[in-house]
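*Asks:* Following is a predicted model, sequence given first.
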Amino acid sequence: MRASHPTLVAASRALAAQREAMVARWSDWLGERLTASKSISRSLVEQQLGLVLDVMTALVGPLRRETKPIWMKLAEHYGRLAAARGLAAGEVVEEMQYLRELLIRYLAPAIAALRPRQGMALLLRLNRLVDQGVTRAVVGYTDALVHGLLARDGDEPRELTSVEAESVERELDAMAAALKAVTGSGSR
């Protein structure tokens, strides 16, 4: 394992310590969007939100390079699931922007305790990661819409079946397992 700058380790620990509160806050912000689809449960979306925060925790820690491919895949998955939830493209971006606000709000005390240069570097890193996530989420969202349009050839879009929702859960579990393989710990 590579040594990480103490700033990154502190940020990673702060995120891990506040994970549950952050998932709850993010869920509250999403409100009715979490239950917009009958086939995608609130708990499944919250599982995805938790995994996003677990991956973000690893991204600011010592294994950030190893975690980045998982982040890209998860962000794309977020976009595909958002399409299945019936969200508009702007809503996908807005939901990912909530992640930025969560990170800033919950890391503010840790960032304020740092020297200004370290705090600024951490904020820039977090913003870059969220921006990359937004981009990949939009790619996943667009891919899902195009696939749906081509597959149905003009039919009305349909909701996910329970079998497809189980597939989404398996994909999340696989990404959580990949994260655990990289970091030695996984989502809760």
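*Replies:* Sure thing, it's come through.

*Asks:* can you tell me which residues contact the residue sitting nearest the centre point of the chain?
*Replies:* Note on the chain: the residue nearest the mean C-alpha position is V52, at 3.0 Å, using Cα atoms, centre = their mean. Each residue near V52 by Cβ atoms under 8 Å, 6 or more residues apart in numbering is listed here: 74-75, 78, 99, 133. Using the backbone N, CA and C atoms, a C-beta is placed for each residue, glycine as well.

*Asks:* show me where the chain has helices.
*Replies:* 6-17, 19-30, 42-59, 64-84, 89-112, 116-152, 162-183 (DSSP state H).

*Asks:* now the angle between helix 89-112 and the third one, please.
*Replies:* Going by axes from the mean of the first three to the mean of the last three Cα atoms, to 10 degrees, helix 42-59 is angled at 50 degrees with respect to helix 89-112.

*Asks:* For helix 42-59, list every residue counted as buried.
*Replies:* Neighbour-count burial for helix 42-59, with 16 or more other Cβ atoms under 10 Å as criterion, is recorded at 44-59.

*Asks:* Check the first one too.
*Replies:* Of all the residues in helix 6-17, those buried under the rule 16+ other Cβ under 10 Å are 7-8, 10-12, 14-16.

*Asks:* distance between that helix and the chain's centre?
*Replies:* Its chain's average C-alpha position is 17 Å from that of helix 6-17, according to Cα atoms, centre = their mean, to the nearest Å.

*Asks:* Can you list phi and psi of L87 for me?
*Replies:* phi -80, psi 160 (degrees, to the nearest 10).

*Asks:* What does the pLDDT read for the closest residue to it other than its chain neighbours?
*Replies:* With sequence-adjacent residues excluded and distances taken as Cβ to Cβ, 6 or more residues apart in numbering, L87 is closest to R33, at 6.5 Å. pLDDT, R33: 78.

*Asks:* wait, R33 sits on Y98?
*Replies:* No - using Cβ atoms under 8 Å as the test, R33 is too far from Y98 to be in contact (10.5 Å).

*Asks:* hmm, which two among the contacts of V52 are most spread apart?
*Replies:* L74 and L99 (11.5 Å; Cβ to Cβ).

*Asks:* more neighbours, these two?
*Replies:* Neighbours per residue (other Cβ atoms under 10 Å) separate L74 from L99, with L74 holding more: 26 against 23.

*Asks:* Can you name the residues that contact the more buried one?
*Replies:* Contacts of L74 by Cβ under 8 Å, 6+ apart are 48, 51-52, 55, 175.

*Asks:* same question, V55
*Replies:* 67, 70-71, 74, 175, 179.

*Asks:* and which of these is nearest to E94?
*Replies:* The closest of those, once distances to E94 are taken by Cβ to Cβ, is L74, at 17.9 Å.

*Asks:* I'd like the mean pLDDT over stretch 42-56, please.
*Replies:* 93.

*Asks:* Check stretch 124-144 too.
*Replies:* 94.
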